[in-house]
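Asks: 3D, please:
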Amino acid sequence: KAMKVIKMSLHLMSTFVKLSFILFLCRRFSESSDKGWFRSLFVHKVDARKDAHSNLLSKKETSNLYKIQFHNVKPECLEAYNSLEAEVQTRLHQDQDYPCEVVGSWNTWYGEQDQAVHLWRYRGGYPALTECLKKLNNNKEYLEFRKERAKMLISRRNQLLLEFSFWNEPSPRPGPSIYEMRTYHLKTGTMIEWGNHWARAIKYRQENNEAVGGFFSQIGDLYVVHHLWAYESLQSRNETRNSAWLKEGWDVNVYYTVPLIRSMASRIMIPTQSSPLQ
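Replies: Modelled structure (predicted):
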């Protein structure tokens, strides 16, 4: 009996010494190199991104740059503002000397009230934008228009945008439609992940031709995404959105994209009479 106890004790001591030695080697190896195998068990590695998200997510076959404008109008001036804006937009849109075109113009119906939203496209990217701004700053009629418009505004802001590669390019629609702009402020560094998920999710939202355009900001508020949708009515919007949840896979994409969002907003918008998107 005594011999059995002694043998068992020696075996336990031997095992303990071996484990202690292994742990000692693991600690030394981990401390000597940040890439040690022991450390790698507990440290999550993320591969460095090899390019800007603007190059990875935007269309390669086009060089379109978009500008979105948000104008908060004095309530009593909204009708006059729409008439003045439509006149100037039509001139610029039709003048081949200016490398810009109106994609759509709206007044917010539900959301921030007495607000006008304009989406412009510059075919040719930043050089086209620069050329257009130079010409407008030397256009006396346009400068007078800006002075007159300023009297009608409470505030204004804009952003420069690129379009996601997996969305269709916005093109004129006959309507009548209502439009929803869903704006997402993402957590910093999550744009690539957002794009990867929505590249798959967009297929669930195209059956009723509701997907108009998808954009992400380049200048202005950063890590901002705008999704633009068109519906026949608010009821149609509700039915279309509910039907997406019946499709296998939509819920998974929502599950993974929601944690990427800091805040979000929805605008229901009515196109102005001069808007190419009706």
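Asks: Where does pLDDT dip in the stretch 151-278 of the chain?
Replies: With pLDDT under 70 as the threshold, the stretch 151-278 of the chain has no low-confidence stretch at all.
Asks: Could you pull out the strands in it for me?
Replies: For the stretch 151-278 of the chain, the strands defined by DSSP state E, counting those that start in this stretch occupy 153-163, 178-186, 211-219, 224-231, 261-271.
Asks: Would you mark the buried spots in the first one?
Replies: Counting neighbours by 16 or more other Cβ atoms under 10 Å, one finds that the buried residues in strand 153-163 are 159-163. Yep, even glycine has a C-beta here, placed from its N, CA and C like the rest.
Asks: ok, residues contacting that strand?
Replies: With contacts defined as Cβ atoms under 8 Å, 6 or more residues apart in numbering, strand 153-163 is touched by 54, 57-59, 64-74, 81, 129, 169, 213-221, 224, 226.
Asks: Quick one: distance of it to the chain centre.
Replies: Using Cα atoms, centre = their mean, to the nearest Å, the mean C-alpha position of strand 153-163 is found 14 Å from that of the whole chain.
Asks: Next: the fourth one.
Replies: Relative to its chain's centre, strand 224-231 lies at 9 Å (Cα atoms, centre = their mean).
Asks: List the beta-bridge partners for the residue sitting nearest the centre point of the chain.
Replies: Centrality entry for the chain: nearest residue to the mean C-alpha point is Val225, 1.8 Å, by Cα atoms, centre = their mean. Judged by DSSP bridges, the bridge partners of Val225 are Tyr184, Phe216.
Asks: Out of the strands of the stretch 151-278 of the chain, the one nearest Trp106 is which?
Replies: The closest of the strands of the stretch 151-278 of the chain to Trp106 is strand 261-271. By Cβ to Cβ, the value is 3.6 Å.
Asks: Who are the packing partners of the closest one?
Replies: In terms of contact count using 3 or more Cβ pairs under 8 Å, 6 or more residues apart in numbering; DSSP states H and E, strand 261-271 is assigned the packing partners strand 101-110, strand 115-123, strand 178-186.
Asks: In CSV, list the ones you listed along with distance to Asn139 and mean neighbour count.
Replies: What follows is the helices and strands packed on strand 261-271, written out as CSV (distance: least, Cβ to Cβ, whole Å; neighbours: other Cβ atoms under 10 Å):
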stretch, distance to Asn139, mean neighbour count
strand 101-110, 17, 20
strand 115-123, 16, 21
strand 178-186, 29, 20
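Asks: returning to that earlier point: OK, contacts around the residue nearest to the centre of the chain?
Replies: If a contact means Cβ under 8 Å, 6+ apart, then Val225 has 183-184, 186, 191, 194, 214-217 as its contacts.
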